[in-house]
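In: Next comes the sequence, and after it the predicted model I'd like to discuss.
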Amino acid sequence: MFDIIGDIHGQAAKLKRLLVKLGYKKTSSGFAHHKYKAIFVGDLVDRGPYQLETLTIVKEMVDNQNAYIVMGNHEFNAIGWQTENECQAGTFLRKHNHIHHKQHKVFLTQIGENSQQHQYWINWFKSLPLFLDLEKIRIIHACWDSDIIQQVLPYLDDNYCLKEQYIQQAFNPASALFNYCETLLKGKEIVLPDGIYYHDKEGTQRHKSRIKWWLKQAHTFNELCLIPDDEKIPALEQQVNLHLETYQEQKPVFFGHYWLTGKPIIQTRKIACVDYSAAIESGKLVAYRWQGEAILTNEHFIY
Ligand SMILES: [Mn+2]
């Protein structure tokens with residue numbers, strides 16, 4: 001039995017409150033539950049105020065077999081920030097530009113950029129699996145696409161962790177591996193029709209949008225795209241012509257990443273997102289308490 005816990009983004013206070021609510025007890029070897037193990041969907045870091053504390057709590061649980069974790073795009077990005085680009089000496093796999101620095105600076109400050117501690121956490125991030133395929137459930141940060149999972153396997157070790165020798169490739173936009181990582185860790189996107197755009201949380205103009213990959217069908221861009229309600233312009237009511245690959249397998253899939261809001265509900269009977277924007281003050285940290293069911297239920301969300 002598992003508690004699948006959403007993106008924490010440095011909100012250690014929310015994490016501790018949720019763990020206590022779920023019945024985990026603080027022991028000499030970290031938080032533990034006599035009946036449940038936690039599964040974290042990634043994105044422990046960036047944005048929130050207590051990133052080092054979040055990492056420490058989660059790693060202690062993982063090290064003591066009280067939790068599992070998969071990699072989020074923010075852990076992936078952190079690896080790229082700290083790893084030199086072998087093709088271009090003096091540069092890094094993730095560009096040290098203003099936007100990337102702004103996203104990552106709280107982490108770098110708390111951890112001490114280039115310190116031993118920094119390298120310690122980067123090494124831990126490198127050891128995180130891209131997904132978990134357990135006996136009865138699957139966990140991934142953003143999007144489970146069965147074809148891509150098959151194609152990415154040769155690059156992974158037995159724990160579904162990216163092999164060290166492929167890290168450079170994973171950040172090279174010309175490689176297939178880069179695209180696999182994009183889909184699994186950041187989800188699927190669609191290019192909006194010519195001249196149509198919206199503004200994201202940061203106010204940046206976006207001509208591409210994340211899509212609800214879990215839908216069976218969508219008739220318009222508004223139905224398909226994850227666009228804030230107040231940005232939903234009439235032009236997005238035009239018909240979308242896209243074949244959606246529905247997840248049709250038996251095992252339920254849990255993921256995070258999507259900054260959902262409102263009362264947590266399952267996406268389908270087999271698919272549930274547990275990210276409800278804990279990173280921002282009004283957002284809640286959500287868990288799904290999985291008790292062995294093959295059909296998911298809204299009753300099992302706890303927050
Ligand atoms: Mn994410």
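Out: Sure, I can see it. Residues are numbered from 1 along each chain as shown.
In: right, is the strand or helix carrying Phe178 up against the ion?
Out: If you go by DSSP states H and E, Phe178 is part of helix 176-186. No: Helix 176-186 lies apart from the ion when judged by CB under 5 Å from the ion; the minimum separation is 6.9 Å. All C-beta atoms are positioned from the backbone trio N, CA, C, and that covers glycine.
In: Which helix or strand lies directly C-terminal to that helix?
Out: Next helix or strand after helix 176-186 toward the C-terminus (DSSP H and E): strand 189-191.
In: So which bits of that following strand are buried?
Out: Glu189 (16 or more other CB atoms under 10 Å).
In: same question, stretch 1-11
Out: Buried residues in stretch 1-11 (16+ other CB under 10 Å): 2-11.
In: out of the residues you listed, which one sits closest to Gln51?
Out: Of all the buried residues of stretch 1-11, Gly10 has the smallest distance to Gln51: 3.9 Å, by CB to CB.
In: wait, is Lys26 part of a strand?
Out: Yes: using DSSP: H, G, I helix; E, B strand; the rest coil, the assignment for Lys26 is a strand.
In: ok, which pair from the buried residues of stretch 1-11 is furthest apart?
Out: Farthest apart among these by CB to CB are Phe2 and Gly10. That separation is 23.0 Å.
In: Which residues of the protein lie near the ion?
Out: Counting by CB under 5 Å from the ion, the chain sits next to the ion at 43, 72-73, 257.
In: Can you add pLDDT, neighbour count and secondary structure and give those residues back as JSON lines?
Out: Shown next, in JSON lines, are these (pLDDT from 0 to 100; neighbours: other CB atoms under 10 Å; DSSP: H, G, I helix; E, B strand; the rest coil):
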{"residue": "Asp43", "pLDDT": "98", "neighbour count": "28", "secondary structure": "coil"}
{"residue": "Gly72", "pLDDT": "98", "neighbour count": "29", "secondary structure": "coil"}
{"residue": "Asn73", "pLDDT": "98", "neighbour count": "21", "secondary structure": "helix"}
{"residue": "His257", "pLDDT": "96", "neighbour count": "24", "secondary structure": "coil"}
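In: Among those residues, find me the one that's closest to Asn159.
Out: Gly72 (16.5 Å).
In: Tell me who's in contact with that closest one.
Out: Shown in contact with Gly72 (CB atoms under 8 Å, 6 or more residues apart in numbering): 7, 41-44, 141, 185, 256-257.
In: Let's see that with 7 Å instead.
Out: 7, 41-43, 141, 185, 256 (CB atoms under 7 Å, 6 or more residues apart in numbering).
In: and if you look at Gln291?
Out: Met1.
In: ditto for the one 4 residues further on
Out: When contacts are counted by CB under 7 Å, 6+ apart, Ile295 is found next to Arg269.
In: at 8 Å what do you get?
Out: 252, 269-270 are the contacts of Ile295 under CB under 8 Å, 6+ apart.
In: Kindly write the PyMOL command that selects the buried subset of those residues.
Out: Per 16+ other CB under 10 Å, the buried members of the contacts of Ile295 correspond to this PyMOL selection:
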select buried, resi 252+270
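In: Closest to the ion out of the contacts of Ile295?
Out: Pro252 (19.9 Å; CB to the ion).
In: State the distance from the closest one to Tyr120.
Out: 34 Å (CB to CB, to the nearest Å).
In: Same check on Ile265?
Out: 38 Å.
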